[in-house]
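# Predicted model follows, preceded by the sequence.
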Amino acid sequence: MHTIVLKDEFIKLGQALKSAGMASTGIEAKLAILDYQVKVNGEVETRRGRKLVAGDLIEFKGEQIKIEG
């Protein structure tokens, strides 16, 4: 499991995928999100601008990213 520690109030979903190394570019993150491959807190998310806060859990390609404050 990857962990992202917030520096601000939130991080956007596309940025979180890049930060965790699960997407190499913003375009790659965007396409994965639009292709229904990413879940946030167990539900498919199609907005790459979705604001993630501490406690959120992302699932992508069988891996997880936990957002911590």
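The structure has been received and is ready for your questions. Numbering: from 1, shown residues only.

# Could you use CA atoms for every contact and neighbour count after this?
OK.

# could you point out the longest helix in the chain?
As assigned by DSSP state H, the longest helix anywhere in the chain is helix 26-34.

# So what touches the helix or strand just after that one?
With elements assigned by DSSP states H and E, the helix or strand that comes after helix 26-34 is strand 38-40. Identification of contacts with strand 38-40 by Cα atoms under 8 Å, 6 or more residues apart in numbering yields 32, 44-46, 56-61.

# Mind putting the residues you listed into JSON lines with distance to residue 67?
What follows is the contacts of strand 38-40, written out as JSON lines (distance: Cα to Cα, whole Å):
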{"residue": "32", "distance to residue 67": "19"}
{"residue": "44", "distance to residue 67": "17"}
{"residue": "45", "distance to residue 67": "16"}
{"residue": "46", "distance to residue 67": "18"}
{"residue": "56", "distance to residue 67": "5"}
{"residue": "57", "distance to residue 67": "6"}
{"residue": "58", "distance to residue 67": "8"}
{"residue": "59", "distance to residue 67": "12"}
{"residue": "60", "distance to residue 67": "14"}
{"residue": "61", "distance to residue 67": "17"}
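
# What's the ChimeraX line that selects buried ones from these?
Under the burial definition 16 or more other Cα atoms under 10 Å, those of the contacts of strand 38-40 that qualify are selected in ChimeraX by:
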select :32,44,45,46,57,58,59,60
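
# farthest pair in the contacts of strand 38-40?
The largest separation in these, counting by Cα to Cα, is between 32 and 56 at 18.4 Å.
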